[in-house]
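K.L.:
need a structure here:
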Amino acid sequence: MAEVIFYLLEQEKVDDKPAPHALACQLAARLYRAKQSCMILCETQQQAEQMDELLWQLPAEAFVPHNLSGEGPPRGTPVQINWQLPQRLSQQVVINLQQQCPALPGNVRQIYDFVPGEDAQKQQARERYKHYRAAGHQLDTRPASSLDESQNG
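P.N.:
Predicted coordinates for the structure are as follows:
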């Protein structure tokens, strides 16, 4: 079973970006530096394109090789951005930006998810949490600020 880490978002925006998007960029960069590939699973193609743009805006020293689904080299890049779950998933780490719980294959060992402060979105996160728990995944909840702390340590 996968380890699912929910980050509790203390604010709606980080550096004028939606908090889940900003933190997804941080996670993708951290995973890339740790030589782990990941997939950012978006709700829509438009959201995927926004994530693509945000990753391009990272400083040059924090560059993360990434591409949108169907683009890039044949074997993909360390960070893949999808809005639909591919038939085969080579990444073992998923950053979930979807509102519903994705039906992930068994090879996924780590899932990152977010709990926004807004009530309707918070309720959707609770539903995902229940789904993951019912599926037998190991769950952990952390404040979003712990992501910054782990990069400095």
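
K.L.:
not counting its neighbours along the chain, what's nearest Ala62?
P.N.:
Leaving out its chain neighbours, the residue that sits closest to Ala62 by Cβ to Cβ, 6 or more residues apart in numbering is Ala29, at 5.5 Å. All C-beta atoms are positioned from the backbone trio N, CA, C, and that covers glycine.

K.L.:
quick one, strands of the chain?
P.N.:
Taking DSSP state E to define them, one finds strands in the chain at 3-8, 13-14, 17-18, 38-41, 66-68, 79-82, 93-96, 110-115, 138-143.

K.L.:
report the mean per-residue pLDDT for the fifth one.
P.N.:
Looking back up the chat, that one is strand 66-68. Throughout strand 66-68, pLDDT has a mean value of 94.

K.L.:
note down every partner strand of that strand and its orientation.
P.N.:
strand 79-82 (parallel) (DSSP bridges).

K.L.:
got the contact list for the strand it pairs with?
P.N.:
The contact list for strand 79-82 (Cβ atoms under 8 Å, 6 or more residues apart in numbering) reads 28, 31-32, 37-42, 48, 51-52, 55, 64-69, 91.

K.L.:
good, we can wrap up now.
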